[in-house]
Structure formats: structure tokens, C-alpha cells
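Colleague: Sequence plus the predicted model coming up.
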Amino acid sequence: MLIAIIEDNSSIRNNLVQLFELYDYKTITSENGLDGLNLIRKYKPSLVITDIMMPMMDGIKMVEQLREDKKYNHIPVIFLTAKNAEEDRIKGLETGAIDFISKPFATKELVQKVKNLIELGQTQIVNALSKPDEEEFESSAHKFLEKLRSIIDENLSSRNLDVYLIGKELNYSTSAIHKKIKIITNKSTNQFVREYRLEKAQQMIKSNHASISEIAFSTGFASVSYFSKSYKSYFGFNPTQLK
């Protein structure tokens, strides 16, 4: 797996390279956000670790530009920074970062967070597959996902939304639904539906749509506690942090 390390401090940058190479990760590096952005676009790493305060382009601006491009907006980002102010953390999370690690950092914590994100298969990928560019996906898979998204949207708040309902709406057998979703997204049906709901919930939270509890129930979760647990597992932070 390839990790991009964007950090203007050469000592920290070199230490991170050595650290991750010990765990058999490949790395690419840059000392500023502008070159880092170009590097990420060229090599499409599995994960990005970036500082915030950097010359030429800061980490926030770099991640904002990544999130504007569907080719790269699924790549998980961890901000590694000396900034501890709450407003900086909120800004980073709003930009689309998965997590923050403050300097000086615990190496075991950083490595474990990176490992978790990569093992989860870069949790944002399903969202990218669920919203393909029409120019890239002129196929039956694209049409299937569009219909699937429409069914989930129509039954978003219902806890009765399951493979049987989806199969009935699409005129597929349950086994065919499971197989098709697995082939297209590499996710189980339940996982795809749950993560789609979580993406919807995040959109609602960002737009101040309602309270966390109201959003949890309106996206089909049986309880606020289960919603919060699922949200943190998927995005890496609690919904209240984004709120």
C-alpha cells in the first residue's frame, strides 16, 4: 500500500518514511501542499498524512482541492499537526479529514490508525463507486447503482429496507442482489446500505438539517447509540464532532 506524506519539516518527514517502511508500506513525500497535491494526483496513494501549516499551499487548501475531484475524493486523509485549537480541528474535519494526530505524536497510535483505515478498504471508496461519473460508467453497473440509490433514498428512514425489498423493487432474486452489489462495490448488501445511509447522515449534519438524534432516525437507524457507533467506525470520528 502507498502512503503520501506531505510535511515541510524534513526530520519529521524522514522519520515518518522510516516508520512506515518498517511496516512494509511504500511512501511518497513532498514538503509543501502544492507539490503534494500534484503527487497525489499522479500516484493515487491509499492514504494521505499531511501537515496543515506548509509553504505554497497549506494542508486544508490541498485537501479541499482533492475533495472537489471525484477521482481523488475517496482517499482518506489524516492531519498531522502541532495545531490543537478546536477551530482548526473542526475546519479539518469539515474539509474531509478522517482524523487528527497532534505533534508530538505516538508512533504506535499513528501506525494503528493508518492500518485500520487501509484494512477497511479506504472507507470512502464505496461512496465514490455509488456516485460514478456518467462519462466513466456508461454500463449496466451504473444503471443498477442509480436504481439502488433511488430505492434507498425512497426508504431511507424505514428499518424495513433490506435485500428482500430491494430485490422486489428491482425484480431480482435476493441471491442475485447480493452477488451484483458484491461484484460492483466489493461490499455486502447490508454494508452498502448502511454506509450509504451514513453518507446521507453526514450531508444532513453538514447542512444543519436537524439534531443528531433526528438525523439518526431519519436515516433508518434504530437508536442514536448505534448510529453514533456506526458513524465513528465509518468516518473515524463522532457525529457530534462534525456538528
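Modeller: That came through, no problem. Numbers count the residues shown, from 1 in each chain.

Colleague: Name all residues that make contact with the residue lying closest to residue 147 once chain neighbours are set aside.
Modeller: Nearest non-adjacent residue to residue 147, counting by C-beta to C-beta, 6 or more residues apart in numbering: residue 170, 6.0 Å away. Where C-beta positions appear, they are placed from N, C-alpha and C, glycine not excepted. Listed by C-beta atoms under 8 Å, 6 or more residues apart in numbering, the contact set of residue 170 reads 144, 147-148, 151, 177.

Colleague: ok, now residue 6?
Modeller: Contacts for residue 6 were tallied using C-beta under 8 Å, 6+ apart; they are 29-33, 36, 39, 48-51, 54, 59, 62.

Colleague: how about a cut-off of 6 Å?
Modeller: Residues in contact with residue 6 (C-beta atoms under 6 Å, 6 or more residues apart in numbering) are 30, 36, 50.

Colleague: nearest spatial neighbour of residue 1, skipping sequence neighbours?
Modeller: residue 46 (4.4 Å).

Colleague: Phi and psi next, for residue 29.
Modeller: Phi and psi for residue 29, reported as degrees, to the nearest 10, are phi -130, psi 160.

Colleague: Over to the closest residue in space to it that isn't next to it in sequence. Which of the three states is it?
Modeller: In space, and not counting its chain neighbours, residue 29 is closest to residue 5: 4.8 Å by C-beta to C-beta, 6+ apart. Assigned by DSSP: H, G, I helix; E, B strand; the rest coil, the conformation of residue 5 is strand.

Colleague: who does the lengthiest helix in the chain touch, helix- and strand-wise?
Modeller: As assigned by DSSP state H, the longest helix anywhere in the chain is helix 189-206. Packing contacts for helix 189-206, counted by 3 or more C-beta pairs under 6 Å, 6 or more residues apart in numbering; DSSP states H and E, involve helix 174-185.

Colleague: Tell me where the protein is predicted with low confidence.
Modeller: The chain contains residues with pLDDT under 70 at 83-98, 120-139, 243.

Colleague: All the strands of it, residue numbers only.
Modeller: 2-6, 26-30, 47-50, 77-81, 99-102 (DSSP state E).

Colleague: and the angle from the second one to strand 2-6?
Modeller: Spelled out, it's strand 26-30. Note on geometry: by axes from the mean of the first three to the mean of the last three C-alpha atoms, to 10 degrees, strand 26-30 and strand 2-6 are set 20 degrees apart in direction.

Colleague: Can you pull the domain assignment for the chain?
Modeller: Following automatic domain parsing, one finds the domains of the chain at 2-122, 126-242.

Colleague: quick one: the last one to chain centroid distance?
Modeller: Meaning domain 126-242. In terms of C-alpha atoms, centre = their mean, to the nearest Å, the centre of domain 126-242 is found 14 Å from the chain centre.

Colleague: Neighbours of residue 20, how many?
Modeller: By other C-beta atoms under 10 Å, 22 other residues sit near residue 20.
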